[in-house]
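Student: From the sequence below, what's the structure:
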Amino acid sequence: MSLVAQIEGELTEAMRAGDALRRDALRLLLSALRSAEKELQRPLHDDEELQVLQRERKRQRETVETYRTGGREAEVAEEERKAAVIEEFMPEPLSEEELEEIVDSAIAEVGATSMGELGRVMADVMPQVAGRADGSAVSQLVREKLA
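Tutor: Numbering: from 1, shown residues only. I've put the predicted structure just below:
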């Protein structure tokens, strides 16, 4: 079952249950996915769907931060619940040990010994952890290993 079909099913359930917040979050996701499909003029591949989900999750986090800095706590709570709905469709995040194992194997594979090879290691690691680990956390871990 495609992600779009899965979200459509969840949307129908949310509408039947009268869960307006979940309905709105699912409509937002569905709209973003359909927009990306329309732009590419074809159905999205799994990795493209993941990119759309990541983009929407990032936007949701930015919205939460904007409301938080503005002191609008009621909106913060609402937006955090919407972000939780988006997280449901994201792949399971990697544990610290799993991430460290991937980074160690990438460093060994590339033969990196200095910070000058950070880009090569990151280029090897990021496709393996796409959607399952934060890029800044990965970068920090690689820097620590190469230092």
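
Student: How about the contacts made by the residue sitting nearest the centre point of the chain?
Tutor: In the chain, the residue lying closest to the centroid (CA atoms, centre = their mean) is Gln54, at 3.1 Å. Counting by CB atoms under 8 Å, 6 or more residues apart in numbering, Gln54 touches 90, 131. To be clear about C-beta, it is placed using only N, CA and C from the backbone, and glycine gets the same treatment.

Student: rerun that using 6 Å as the cut-off
Tutor: Gly131 (CB atoms under 6 Å, 6 or more residues apart in numbering).

Student: where does Arg23 land on pLDDT?
Tutor: At Arg23, the pLDDT value in this model is 94.

Student: how near is the closest residue to it other than its chain neighbours to Ala25?
Tutor: Excluding the flanking residues, the one nearest Arg23 by CB to CB, 6 or more residues apart in numbering is Ala14, at 4.3 Å. Counting by CB to CB, to the nearest Å, the gap from Ala14 to Ala25 is 8 Å.

Student: immediately after whichever strand or helix holds Ala106, which helix or strand?
Tutor: Assigned by DSSP states H and E, Ala106 belongs to helix 96-110. Heading C-terminal from helix 96-110, the first helix or strand you meet, by DSSP H and E, is helix 118-129.

Student: The helix or strand following that following helix versus helix 118-129: what angle between them?
Tutor: Per DSSP H and E, the first helix or strand lying C-terminal to helix 118-129 is helix 135-146. Calculated by axes from the mean of the first three to the mean of the last three CA atoms, to 10 degrees, helix 135-146 forms an angle of 130 degrees with helix 118-129.

Student: Tally up the residues packed near the nearest residue to Gln6 once chain neighbours are set aside, please.
Tutor: Beyond its immediate neighbours in the sequence, the residue positioned closest to Gln6 (CB to CB, 6+ apart) is Phe89, lying 7.5 Å away. Phe89 has 18 neighbours, counted by other CB atoms under 10 Å.
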